[in-house]
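[1] Prediction below, plus the sequence it came from.
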Amino acid sequence: MASSSTPKYNSNSLESSSSKRTLKDGTNWEQNEEIPRLPGETRFTDKDVIYMCPFNGPVKGRVYITNYRLYLRSVENDPVVVLNVPLGVISRIEKMGGASSRGENSYGLDITCKDMRNLRFALKQEGHSRRDIFEVLTKYAFPQSHNLLFFAFANEEKFSENGWMVYNPMSEYRRQGLPNERWRVTFINEHYGLCDTYPSLLVVPYNATDDDLKKVAAFRSRNRIPVLSWIHPETQAVIMRCSQPLVGMSGKRNKDDERYLDIIREANGQISKLTIYDARPNVNAVANKATGGGYEGEDAYPNAELFFLDIHNIHVMRESLKKLKDIVYPNVEESHWLSSLESTHWLEHIKV
């Protein structure tokens, strides 16, 4: 499975130990090393393991952990079985079995990946053999939880182009014909002082001042005010994005926020109503009032129409995806396929 998109290396075909190759992905392979490494990539530990392959059964091999990847090479298979997993793909690491576990391959690590893979490695039980590999994996798979930087900051690769300059927001706005007589670019968030989860440059209605934006931000969750995301090249209709208003259980109103949405409507030309799409189910939006959130009610926003898209929260979606993964990986039980698929509710979540 893991070797389908990963180059396989046959130790019998390697050149002399003094040679060096550069792989297609830019990875340098020193022939006297066990694994390919990127510039700045450091190997921390390695261990003999048995990889519990869901397709071919137990595979004996050696696993290597760096500050960027988990890398496994089989030692008895021909062709060689290779697992090359960037640590950023890992979502959970769990210990499997304990010191008193009985049964073959019952002691080791169970690794859940964000790409729907589950990797299971069995280790010898004596001498806490999994402790160091568990600690190193946990440390570098979740660097922020251990006050470490992501590997991107340790990467010493040299590129011909400055990655920070690949995307230029002002050039993108100009491509869309902005600014114009109805929309302007504001630098109010240049140092992320207005909203720390928004870009530094924002496009807002021409008739809204920066003081207006500050007042609106105080009434929006995490200060995420309505800002332009896209404009139609012919009709000049726009798509805005924002967070929920802080209405609360008492049904608070904010005249500045109400006026700002009306300015947005006017900037869209000859439309009588502003259409608001709320991604949440209606019941969730109502429940959010209890924690200070809410939605744009028709009393406060008479020139707007509100539609709920009935998309559930991240926890519900994650559980549904997990159920979907369980019925397709590693095997599909065709005799109960339709009922199993229905039980995940995944098709309900992704319907248009």
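    Received it, and whenever you're ready, just let me know what you need.
[2] and R62, what are its bridge partners?
    D48, R73 (DSSP bridges).
[3] can I assume it is in contact with K47?
    Yes: at 7.0 Å, R62 counts as touching K47 under the criterion of CB atoms under 8 Å. All C-beta spots, glycine's among them, are computed from the backbone N, C-alpha and C.
[4] which residues of the chain score low on pLDDT?
    Low-confidence segments of the chain (pLDDT under 70): 1-34, 99-101, 352.
[5] Please name the residues that touch the residue nearest to the spatial centre of it.
    Centrality entry for the chain: nearest residue to the mean C-alpha point is K114, 8.7 Å, by CA atoms, centre = their mean. Each residue near K114 by CB atoms under 8 Å, 6 or more residues apart in numbering is listed here: 89-91.
[6] go again using 7 Å as the cut-off
    K114 makes contact with 89, 91 under the criterion CB atoms under 7 Å, 6 or more residues apart in numbering.
[7] domains in the chain, as residue ranges please.
    Annotated domains of the chain cover 11-153, 165-308, 314-350 [automatic domain parsing].
[8] any chance of those in a markdown table, with distance to F159 too?
    Below are these laid out as a markdown table (distance: least, CB to CB, whole Å):
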| stretch | distance to F159 |
| --- | --- |
| domain 11-153 | 9 |
| domain 165-308 | 10 |
| domain 314-350 | 34 |
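[9] Dump stretch 177-191 to CSV, restricted to CA.
    Output of stretch 177-191 as CSV, limited to C-alpha atoms (Å, rounded to 0.1, in the frame of the first residue of the first chain):
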residue,chain,number,x,y,z
GLY,A,177,-10.1,44.3,-11.1
LEU,A,178,-9.7,45.5,-7.6
PRO,A,179,-9.6,48.1,-6.1
ASN,A,180,-12.4,49.9,-8.0
GLU,A,181,-15.0,52.6,-7.4
ARG,A,182,-17.0,50.2,-5.1
TRP,A,183,-14.3,48.3,-3.3
ARG,A,184,-11.0,49.3,-1.7
VAL,A,185,-7.9,47.6,-0.2
THR,A,186,-7.4,48.3,3.5
PHE,A,187,-4.1,47.9,5.4
ILE,A,188,-5.8,47.9,8.8
ASN,A,189,-4.8,44.3,9.4
GLU,A,190,-1.2,44.8,8.1
HIS,A,191,0.3,43.6,11.4
